[in-house]
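Enquirer: Here is a sequence with its predicted model. Questions after.
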2 protein chains.
Amino acid sequence: MTFKLIVSCLLLTVCFAALGQEKQSPKAKKHSSAVVEKGLIKVSVMYPFAEGKTFDIAYYENKHMPMVAGFLGSNLVKYTIEKGISSGIPNQPLPYMAIGTFYVKSLSDYQAAIGPNRDAIRADFANYTTITPVILVSEVVR
Amino acid sequence: MTFKLIVSCLLLTVCFAALGQEKQSPKAKKHSSAVVEKGLIKVSVMYPFAEGKTFDIAYYENKHMPMVAGFLGSNLVKYTIEKGISSGIPNQPLPYMAIGTFYVKSLSDYQAAIGPNRDAIRADFANYTTITPVILVSEVVR
């Protein structure tokens, strides 16, 4: 009977320990996916639309962006790709054909990671576009 | 001794049931906060930088954006605000002073909601900026 009591106590301890760990994980995941963007640095690589210019978004999504993301390591929180549809103002031309955005914790770490790989990144441009991009560095306020 | 055995079994069942519930919740939270952006429409209101132009980001964050967001109802998934820091290309001017972005499910619902409120939105511009914005409508690819 003493043995059963000890086993029961041990099992209970294990169960509560497991529960405690499970309780932490949703918080951690919620924090990393939804709340964390404020304060991050965005590096937005914006490809202006112009007649006759080309942009291969499949190559951009499957090859170019994963390559650049691979250079950034744990400084990269996430990256996004958007495809331009139209101007939001009637009778205005489409401002950008596409925008790729890196959300990073540190701008200096981003620059240090990109520096030695700049030639490889630029050499890949010809594989998907004839557009020279504009780059905006911004801070997520909300 | 039989009583202790039954109590142990009951406690174990309760613990495993609790564990099962805890295991489901991170998935649900992850799904609702992180995965949902792909396929959404972004309406990005971009304020180009120019010497002498002004932009009051506190008013924009506390008054203007909440007002516009209020017109959009359940079509609005989220909205973000970013503050321009620099160009990502050396010796180039800052492309945008600020960008406000609405992530919506439907562009036509967005247009239908903004239409009757366009005058109120434009009248509020003078309260925070002297810049005429560029508006990009895009689709979240990734």
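Expert: Now that the structure is in, tell me what you want to look at. Computed from a predicted model, the values in this text were never measured in an experiment. Numbers count the residues shown, from 1 in each chain, chains lettered A, B, ... in the order given.
Enquirer: in chain A, which spans are helices?
Expert: A:2-30, A:57-59, A:65-72, A:107-114, A:118-125 (DSSP state H).
Enquirer: Sort out which residues of the second one are buried, please.
Expert: Buried residues in helix A:57-59, counted by 16 or more other CB atoms under 10 Å in any protein chain shown: A:Ile57. All C-beta atoms are positioned from the backbone trio N, CA, C, and that covers glycine.
Enquirer: That one packs against which elements?
Expert: Helix A:57-59 sits against no helix or strand, with contacts defined as 3 or more CB pairs under 8 Å, 6 or more residues apart in numbering or on different chains; DSSP states H and E.
Enquirer: Now do A:Glu51, the pLDDT please.
Expert: pLDDT, A:Glu51: 97.
Enquirer: contacting residues for it?
Expert: The contact partners of A:Glu51, taken as CB atoms under 8 Å, 6 or more residues apart in numbering or on different chains, number zero.
Enquirer: among the helices of chain A, where is the model least confident on average?
Expert: The lowest average pLDDT among those, as it happens, falls on helix A:2-30, at a mean of 46.
Enquirer: what about A:Val45, neighbour count?
Expert: 22 (other CB atoms under 10 Å in any protein chain shown).
Enquirer: Pick out the residue closest to the middle of chain A.
Expert: A:Lys78 (1.6 Å; CA atoms, centre = their mean).
Enquirer: Name the nearest residue to that residue, ignoring sequence neighbours.
Expert: A:Tyr103 (5.0 Å; CB to CB, 6 or more residues apart in numbering or on different chains).
Enquirer: partner residues bridging that neighbour?
Expert: Taking DSSP bridges, one obtains A:Lys42, A:Lys78 as the residues bridged to A:Tyr103.
Enquirer: Let me see the contact set for it.
Expert: Here A:Tyr103 is in contact with A:Glu37, A:Leu40, A:Ile41, A:Lys42, A:Leu76, A:Val77, A:Lys78, A:Tyr79, A:Thr80, A:Val140 (CB under 8 Å, 6+ apart).
Enquirer: Next one: the fifth one, what pLDDT does it get?
Expert: Listed pLDDT for A:Leu76 reads 98.
Enquirer: Wait, it touches A:Val104, no?
Expert: Yes: A:Leu76 lies in contact with A:Val104 (CB atoms under 8 Å); the separation is 5.7 Å.
Enquirer: Look at those two and report which has more neighbours.
Expert: It is A:Val104, of A:Leu76 and A:Val104, that has more neighbours when counted by other CB under 10 Å, with 23 against 19.
Enquirer: Pretty sure that one sits against A:Phe71.
Expert: No: shown here, A:Val104 and A:Phe71 do not form a contact pair, counting by CB under 8 Å, at 11.2 Å.
Enquirer: burial measure for A:Gly88, as a count.
Expert: A:Gly88 has 22 nearby residues by other CB under 10 Å.
Enquirer: distance of it from B:Gly52?
Expert: 25 Å (CB to CB, to the nearest Å).
Enquirer: now do A:Ala123
Expert: The value you get for A:Ala123 to B:Gly52, if CB to CB is used, is 39 Å.
Enquirer: Over to A:Tyr96?
Expert: 25 Å.
Enquirer: Excluding residues flanking it in the chain, which one is nearest A:Ser106?
Expert: In space, A:Ser106 is closest to A:Asn75, 5.7 Å off (CB to CB, 6+ apart).
Enquirer: again, but for A:Asp56
Expert: A:Asp56 sits nearest to A:Tyr128 (CB to CB, 6+ apart), 4.2 Å away.
Enquirer: In contact with that neighbour, which residues are there?
Expert: A:Phe55, A:Asp56, A:Ile57, A:Tyr59, A:Tyr60, A:Lys63, A:His64.
Enquirer: quick one: contacts for A:Pro95?
Expert: A:Pro48, A:Phe49, A:Gly84, A:Ser87, B:Met46, B:Val134, B:Ile135, B:Leu136.
Enquirer: Might you report the residue contacts of A:Met97?
Expert: A:Tyr47, A:Pro48, A:Phe49, A:Lys53, A:Phe55, A:Lys83, A:Gly84, A:Ile131.
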